[in-house]
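K.L.:
build me a model from this:
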Amino acid sequence: MKTLKGPGIFLSQFIDRQAPFNSLEGMAQWASALGYKALQIPCHHPAIFDLEQAAVSQAYCDDVTAMLTKYDLVISELSTHLEGQLIAVHPAHDEAFDSFAPAEVRGNSAARTAWAIGMLKKAAAASAKLGLTAHATFSGSLAWPYLYPWPPHNAQLFSEAFAELARRWLPVLDEFDRHGVDLCYEIHPGEDLHDGATFERFLAEVNHHPRCAILFDPSHLFLQHIDYLSFIDLYHSRIKAFHVKDAEYQTNGRSGVYGGYQRWIDRAGRFRSPGDGQIDFKRIFSKLAQYDYDGWAVLEWECCLKSSEAGAREGAEFIQRHIIPVAERAFDDFAAQHDAKASVRAQLGLDRGECDD
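P.N.:
Next comes the predicted model:
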């Protein structure tokens, strides 16, 4: 059995213009002081981490690794959530997502998609140079605007949407395979891969690609009323990354799962700091230990009430407290018998002739 690693912290929600949150070293020093052992680093802030340089320069990657070592830190995964989103954007979302892309490809969906695919391929190369085995991303969405549609489902529309999603991602998955890195899609509303059924559909379209993996975040499953523990039972072989993010769902008479276009703080379902919501992390960590998950447990902080400083401080201790140091032997090993075959057959009464033909 294997003990999962942690605590790690996803830096994306903490990056700011003010020190220490405006440089990778500043955040490394801050995170280390809080007890974190790994950083999940987003790739859309060149001043924090220069993906273009990391993809081609082993020296740059070695410098980043050496700097983090000073603070007893490593990288858990790189993240291309925004770049992955831009691989597949429905025209209804063009304007909203254009700001995530560089100016030279805005307003040109084909150029934007090509740029995003190129960045994911660079992330594969950078991950390999950094010695990483997993990468975090989003799938993007072509079918999401048709969620819960009226008129009813158009089967051909969904078939083509997933076929096109696979066509765009297969070259990326192949590149990650070439570099020996698992590509972990965060299962997330707003993405075409937002539950087990959609992940299975995509997995079939990419021919069960060996690098097609899952970033498990129970908060997004819980808020869809999906059994997140059974999800681990079903997909544990594909879970290669893990976000520790809590959530709560407060049933009421005004709004439900879809949120009513309200602020997060006013929704029935909302994100909370670990331990403040309703997710059973004790059983999650137990399930992951049972299935030999040996990746990182990474805090993703998005609480609608608690300050980020308090969330980060408490999150490190919360994760550390939940990590299960797995047993090196079974508790009943003392009673195990290692008898020779002849002795075992004698115990069963199989050598006395009565069972002979």
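
K.L.:
can you tell me the SS state at Ala136?
P.N.:
Recorded secondary structure, Ala136: strand (DSSP: H, G, I helix; E, B strand; the rest coil).

K.L.:
got a list of what it touches?
P.N.:
Gln40, Glu77, Leu78, Ser79, Thr80, His81, Cys184, Glu186, Leu215, Ala241 (Cβ atoms under 8 Å, 6 or more residues apart in numbering). Any C-beta I mention is one placed from the backbone N, CA and C, and that applies to glycine too.

K.L.:
quick check: the fourth one touching Thr137?
P.N.:
Yes: under the criterion of Cβ atoms under 8 Å, Ser79 is in contact with Thr137, at a separation of 7.0 Å.

K.L.:
if we can go back for a sec, what's the most distant pair in the contacts of Ala136?
P.N.:
Leu78 and Glu186 (13.4 Å; Cβ to Cβ).

K.L.:
of the two, who's got more company?
P.N.:
Leu78 (25 against 22; other Cβ atoms under 10 Å).

K.L.:
which secondary structure element contains the more buried one?
P.N.:
Counting by DSSP states H and E, the element that carries Leu78 is strand 74-80.

K.L.:
which secondary structure elements does that strand sit against?
P.N.:
Applying 3 or more Cβ pairs under 8 Å, 6 or more residues apart in numbering; DSSP states H and E, we find strand 74-80 packed against strand 5-10, strand 38-42, helix 58-70, helix 109-129, strand 134-137, strand 296-299.

K.L.:
any chance of CSV for the ones you listed, columns distance to Leu147 and mean pLDDT?
P.N.:
Putting the helices and strands packed on strand 74-80 into CSV (distance: least, Cβ to Cβ, whole Å; pLDDT from 0 to 100) gives the following:
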stretch, distance to Leu147, mean pLDDT
strand 5-10, 26, 98
strand 38-42, 26, 98
helix 58-70, 39, 98
helix 109-129, 21, 98
strand 134-137, 21, 98
strand 296-299, 27, 98
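
K.L.:
quick one: the strands in the chain?
P.N.:
Taking DSSP state E, the strands of the chain run over residues 5-10, 38-42, 74-80, 134-137, 182-186, 212-216, 239-244, 246-249, 269-272, 296-299.

K.L.:
adding distance to Ala310, write those out as a markdown table.
P.N.:
A markdown table is the format used below for the strands of the chain (distance: least, Cβ to Cβ, whole Å):
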| stretch | distance to Ala310 |
| --- | --- |
| strand 5-10 | 14 |
| strand 38-42 | 19 |
| strand 74-80 | 22 |
| strand 134-137 | 24 |
| strand 182-186 | 24 |
| strand 212-216 | 25 |
| strand 239-244 | 15 |
| strand 246-249 | 13 |
| strand 269-272 | 12 |
| strand 296-299 | 12 |
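
K.L.:
out of those, which gets nearest to Pro325?
P.N.:
Closest to Pro325 of these, according to Cβ to Cβ: strand 5-10, at 11.6 Å.

K.L.:
picking that back up, of the strands of the chain, give the one that comes closest to Ser307.
P.N.:
Of all the strands of the chain, strand 269-272 sits nearest to Ser307, with 12.7 Å by Cβ to Cβ.

K.L.:
quick one: mean pLDDT for that closest one?
P.N.:
Per-residue pLDDT over strand 269-272 has a mean of 98.

K.L.:
what does it rub up against?
P.N.:
Contacts for strand 269-272 (Cβ under 8 Å, 6+ apart): 219, 222-223, 245-250, 257, 259, 264, 277, 302-306.

K.L.:
buried ones among those?
P.N.:
With neighbours counted by 16 or more other Cβ atoms under 10 Å, the contacts of strand 269-272 contain buried members at Ser219, Phe222, Leu223, Lys245, Asp246, Ala247, Glu248, Tyr249, Gly259, Gly277, Glu302, Cys303.

K.L.:
is it true that the fourth one touches Pro218?
P.N.:
Yes: Lys245 lies in contact with Pro218 (Cβ under 8 Å); the separation is 7.4 Å.

K.L.:
quick one: pLDDT of Ser79?
P.N.:
Predicted confidence (pLDDT) for Ser79: 98.
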